[in-house]
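**Student:** Got a predicted model here, sequence first, then my questions.
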Amino acid sequence: TATLLSRRFLQTPAPTSSKPPPDYAFAFDIDGVLMHGSTPISTASTALQLLSENSIEFILLTNGGGKSESARTAELSSRLSVPIHPSQFIQSHTPFAAFAKRPGFETVLVIGGDGDQCRQVAKEYGFRNVIIPADILAAYPPVSPFTTDKAPAHAQPLPSENTKIDAVLVFNDPRDWALDLQVLVDVALSDEGRLGTRRPGNSVKPHIPIYFSNPDLIWANEYHLPRLGQGGFRAAFNGVISSLRDAQRTERMERAFKPSEGGPIEGRTVEGRSYQDNLPIMRATVMGKPNRGTYLYAEEVLCSWRKKQLELAGLDQSHGDVKTVYMVGDNPASDIRGANNFKSDKNIMWVSVLVKTGVYKGGGRTGEAKVVVEDVLAAVKWVMEREA
Ligand code: G3P
Ligand code: MG
């Protein structure tokens with residue numbers, strides 16, 4: 001995390017006010033709290049400006065992604081009319097950067113996002129060989145029977161005839177589920193990641209690790225009902241794998257229990273092998289909110305951001321770290337549950353604040369949020385009154 005953080009502190013902007021920062025800060029979710037898709041939520045800009053005027057620090061902590069941190073913060077800064085720096089910004093795939101130079105990530109399959117933007121982000125993180133499903137489609141057009149554009153402009157040649165994938169990283173929500181799901185299933189069923197192969201017989205060799213950058217089954221954009229997120233794609237993938245496993249189990253059971261001539265079905269136990277032997281046991285790791293690792297990482301980012309801001313304001317570190325972080329989110333299953341369950345290693349208290357402008361619209365389960373308010377401005381005002 002240290003190298004990750006240091007790299008992102010280039011040209012950190014000076015604080016917008018000389019007031020010493022208080023001992024609390026905010027972590028804002030984006031979709032459903034600050035933005036609906038590319039449209040700012042009406043009170044978001046006012047809320048963030050209120051914080052800047054009072055030297056109250058904040059980070060953005062989203063399960064979204066698909067662009068580089070610098071591109072996304074430039075876009076958000078202009079849309080929200082508040083300076084937002086990459087060093088105060090965490091996307092679902094930001095922690096993937098830590099894998100870039102590790103053994104076992106030499107050639108990665110990156111799934112999700114528009115065009116090959118996620119490939120560019122992965123390369124910016126330092127991954128050496130990055131393949132996307134479009135590359136496989138362009139090399140083998142029948143791989144996805146129903147994908148119409150068989151030679152997308154952003155496709156690149158595969159490194160070799162028998163390319164071997166070491167790991168799969170789902171950076172962001174897939175756009176073409178037919179292609180991406182087929183390619184992911186192919187790699188999961190492959191012989192150690194070799195494209196175009198199947199696991200031999202009862203192979204128990206290790207499986208290709210798959211990293212999903214967030215578990216969001218649903219999320220909120222401009223539409224009035226929640227949309228399927230990356231968690232929906234993962235559920236589809238797990239559904240396909242378990243259906244294949246059931247089919248194989250049925251086939252093996254039918255092979256094992258052969259009806260004799262006219263007599264009762266005689267049976268013998270299937271050779272005692274596990275059914276999982278030749279199907280990928282899902283070595284899938286799911287990151288992003290509400291997972292503990294994401295909040296640990298967010299806390300590191302927040303504390304480093306604050307330290308830098310104190311230095312730039314010429315204030316010594318005696319102001320110390322924050323004591324409380326207010327997590328403002330719209331999704332009880334993600335933002336709220338993550339903040340409520342997180343036990344900080346730095347004795348920082350995380351307090352969950354649920355808004356009604358996203359997945360949660362009022363009524364029903366709130367995920368035991370500390371407070372439920374209308375929108376992000378109401379959230380900021382509630383906290384400032386509480387901390388006054
Ligand atoms: O990727 C879309 C969705 O997962 C966004 O999440 O955390 O900004 O609400 P969030
Ligand atoms: Mg959200």
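**Tutor:** Structure received. Ligands and ions are numbered 1, 2, ... in the order given.

**Student:** check contacts around Ser190.
**Tutor:** 165, 196-199, 208 (CB atoms under 8 Å, 6 or more residues apart in numbering). To be clear about C-beta, it is placed using only N, CA and C from the backbone, and glycine gets the same treatment.

**Student:** Any chance of JSON lines for those, columns pLDDT?
**Tutor:** Listed next are those as JSON lines, based on pLDDT from 0 to 100:
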{"residue": "Ile165", "pLDDT": "97"}
{"residue": "Gly196", "pLDDT": "94"}
{"residue": "Thr197", "pLDDT": "92"}
{"residue": "Arg198", "pLDDT": "89"}
{"residue": "Arg199", "pLDDT": "86"}
{"residue": "Ile208", "pLDDT": "89"}
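
**Student:** Count the residues that sit near the residue in the stretch 201-350 of the chain that ligand 2 sits nearest to.
**Tutor:** In the stretch 201-350 of the chain, the residue that lies nearest ligand 2 is Asp330 (4.4 Å; CB to the ion). Neighbour count for Asp330, taken as other CB atoms under 10 Å: 27.

**Student:** Can I get the buried part of the contacts of Ser190 as one ChimeraX selection?
**Tutor:** In ChimeraX, a selection of the buried entries from those looks like this (16 or more other CB atoms under 10 Å):
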select :165,199,208
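
**Student:** Quick check: what element follows the lowest-mean-pLDDT helix or strand in the chain along the chain?
**Tutor:** Within the chain, no helix or strand scores below helix 2-7, which has a mean of 49 by mean pLDDT, DSSP states H and E. Counting by DSSP states H and E, the element after helix 2-7 in chain order, helix or strand, is strand 24-28.

**Student:** Within its sheet, name the partner strands of that next one and how each one runs.
**Tutor:** strand 58-61 (parallel), strand 324-329 (parallel) (DSSP bridges).

**Student:** Run through who's touching the shortest one.
**Tutor:** The contact list for strand 58-61 (CB under 8 Å, 6+ apart) reads 25-30, 34, 48, 51, 73, 76, 84, 88-90, 289, 294, 298, 301-302, 305, 327, 335.

**Student:** Which of those residues fall in strands?
**Tutor:** Within the contacts of strand 58-61, residues falling in strands by DSSP state E are 25-28, 89-90, 327.

**Student:** any chance of the residues you listed in JSON lines, with neighbour count, distance to Pro215 and pLDDT too?
**Tutor:** Below are the ones in strands among the contacts of strand 58-61 laid out as JSON lines (neighbours: other CB atoms under 10 Å; distance: CB to CB, whole Å; pLDDT from 0 to 100):
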{"residue": "Ala25", "neighbour count": "24", "distance to Pro215": "25", "pLDDT": "97"}
{"residue": "Phe26", "neighbour count": "25", "distance to Pro215": "23", "pLDDT": "98"}
{"residue": "Ala27", "neighbour count": "27", "distance to Pro215": "18", "pLDDT": "98"}
{"residue": "Phe28", "neighbour count": "27", "distance to Pro215": "19", "pLDDT": "98"}
{"residue": "Phe89", "neighbour count": "21", "distance to Pro215": "20", "pLDDT": "97"}
{"residue": "Ile90", "neighbour count": "26", "distance to Pro215": "16", "pLDDT": "97"}
{"residue": "Met327", "neighbour count": "26", "distance to Pro215": "16", "pLDDT": "98"}
